[in-house]
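A.B. asks: sequence plus predicted model, see below.
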Amino acid sequence: MPQTVAVVGAGVSGLTCAVLFVERGYHTAILAEEIGACTNSAAAAAMWYPYDAGPSDKAIAWALETYRALSDLERDVGSGVSIIELRTFSRTGEIDIPEWALPLGARRLRSEIPSAFVSGFALNVPLMDTTIYLDYLAKRFCKAGGEIHQNKCFAKLEDVDRSFDLVVNCAGIGARKLVQDFDLEPHRGQVAIVQKIKLPYAVVCDDSPLTYAIPRANDCVLGGTNDLSDNRTIDPAATARIVTECSRVLDLDNPDVVAERVGLRPFRRSGIRVERAQLRDGRVAIHDYGHGGSGFTVSWGCAEAVARIALEADL
């Protein structure tokens with residue numbers, strides 16, 4: 001008889017773990033305070049690229065595993081996953097192409113560099129449209145027999161119903177209180193969603209001010225911010241700065257803002273946590289949180305690592 005699994009959290013990490021478990025025969029339920037558009041994941045630009053997470057060796061390995069999984073999902077027209085050219089630029093000097101990007105076909109840009117930048121490189125990467133992809137995962141999970149329970153809040157993991165043999169902690173920034181992990185800190189990201197614009201590739205520049213433009217099927221995500229803050233209130237001044245800077249560097253005509261989003265990247269100073277733990281009531285928990293700005297980027301790799309830990313624990 002398959003074991004019962006409770007996944008705490010319904011962001012991209014929780015949904016991905018839950019899909020893996022339920023499709024492999026486990027009786028699985030997602031228990032979360034927020035779901036769908038209310039999660040931090042829904043505010044993400046959700047383009048595959050390792051960012052604001054460590055340790056680098058593990059994060060890159062998980063990211064590359066996710067790259068392969070997302071490339072497969074791109075063939076499913078209902079998944080919300082597409083492949084887009086990402087152009088990463090520098091304002092200050094010659095940009096380094098990461099070693100992991102070379103086997104993926106990264107190329108240095110020469111003549112295609114906007115005047116606001118001095119160097120850049122291009123790479124084809126998966127893009128997940130959060131307005132489609134998160135719902136796709138949830139529907140896939142439920143179709144396989146999983147259950148999603150909203151408005152579930154826990155002071156500690158032991159409060160999860162004892163009918164579940166295994167508890168998978170995908171609480172994101174909520175793990176700071178849930179498991180008293182004060183290595184976690186909220187990196188606040190705000191974006192402006194604007195009307196669809198004619199931009200044939202995504203643009204990212206990590207130099208200050210952080211700037212990115214991610215064209216999607218029906219709109220475009222402009223960003224951004226990366227501040228140490230847990231304030232999820234929209235800052236109109238930040239939106240204005242984002243739109244102004246993106247319009248300046250990309251020569252846009254100040255596109256109309258149709259929505260604004262704020263999310264908290266769950267950055268963990270000691271690195272992403274994927275490991276087994278023993279609860280005080282004797283049950284096994286597996287942690288999967290602290291992904292920083294790479295939640296979507298490492299989602300499938302980390303979920304596979306969680307599944308392997310469960311197998312090794314004979315669960």
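C.D. replies: That came through fine. Numbering: from 1, shown residues only.
A.B. asks: excluding chain neighbours, what is closest to residue 18?
C.D. replies: For residue 18, the nearest residue in space outside its immediate sequence neighbours is residue 7; the separation is 4.5 Å by C-beta to C-beta, 6 or more residues apart in numbering. Just so you know, the C-beta spots here come from the backbone N, C-alpha and C atoms, and that holds for glycine as well.
A.B. asks: report the next helix or strand after the helix or strand containing that neighbour in sequence order.
C.D. replies: Residue 7 is part of strand 4-8 when elements are defined by DSSP states H and E. The element immediately downstream of strand 4-8 (helix or strand, assigned by DSSP H and E) is helix 12-23.
A.B. asks: quick one, that following helix and strand 4-8 angle?
C.D. replies: Counting by axes from the mean of the first three to the mean of the last three C-alpha atoms, to 10 degrees, helix 12-23 lies at 170 degrees to strand 4-8.
A.B. asks: is residue 101 located within a helix, as I assumed?
C.D. replies: Yes. When classified by DSSP: H, G, I helix; E, B strand; the rest coil, residue 101 is found to be part of a helix.
A.B. asks: what's near enough to touch residue 164?
C.D. replies: Listed by C-beta atoms under 8 Å, 6 or more residues apart in numbering, the contact set of residue 164 reads 4-6, 29, 283.
A.B. asks: re the thing from before, neighbouring strands - and their directions - for the strand holding residue 7?
C.D. replies: The partner list of strand 4-8 in its sheet, established with DSSP bridges, is strand 27-31 (parallel), strand 166-169 (parallel).
A.B. asks: low pLDDT regions in the protein?
C.D. replies: Segments of the chain classed as low confidence (criterion: pLDDT under 70) are 1-2, 315.
A.B. asks: picking that back up, columns neighbour count and distance to residue 107 on top of the contacts of residue 164, output as a markdown table?
C.D. replies: Conversion of those to a markdown table gives the following (neighbours: other C-beta atoms under 10 Å; distance: C-beta to C-beta, whole Å):
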| residue | neighbour count | distance to residue 107 |
| --- | --- | --- |
| 4 | 17 | 48 |
| 5 | 26 | 43 |
| 6 | 26 | 45 |
| 29 | 24 | 45 |
| 283 | 18 | 49 |
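A.B. asks: now distance to residue 200 too, for these, in a markdown table please.
C.D. replies: What follows is the contacts of residue 164, written out as a markdown table (distance: C-beta to C-beta, whole Å):
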| residue | distance to residue 200 |
| --- | --- |
| 4 | 47 |
| 5 | 42 |
| 6 | 43 |
| 29 | 42 |
| 283 | 50 |
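A.B. asks: give me the buried stretch members for the longest helix seen in the chain, please.
C.D. replies: Across the chain, the longest stretch assigned as helix under DSSP state H is helix 56-73. Buried residues in helix 56-73, defined by neighbour count with 16 or more other C-beta atoms under 10 Å: 58-60, 62-67, 69-70, 73.
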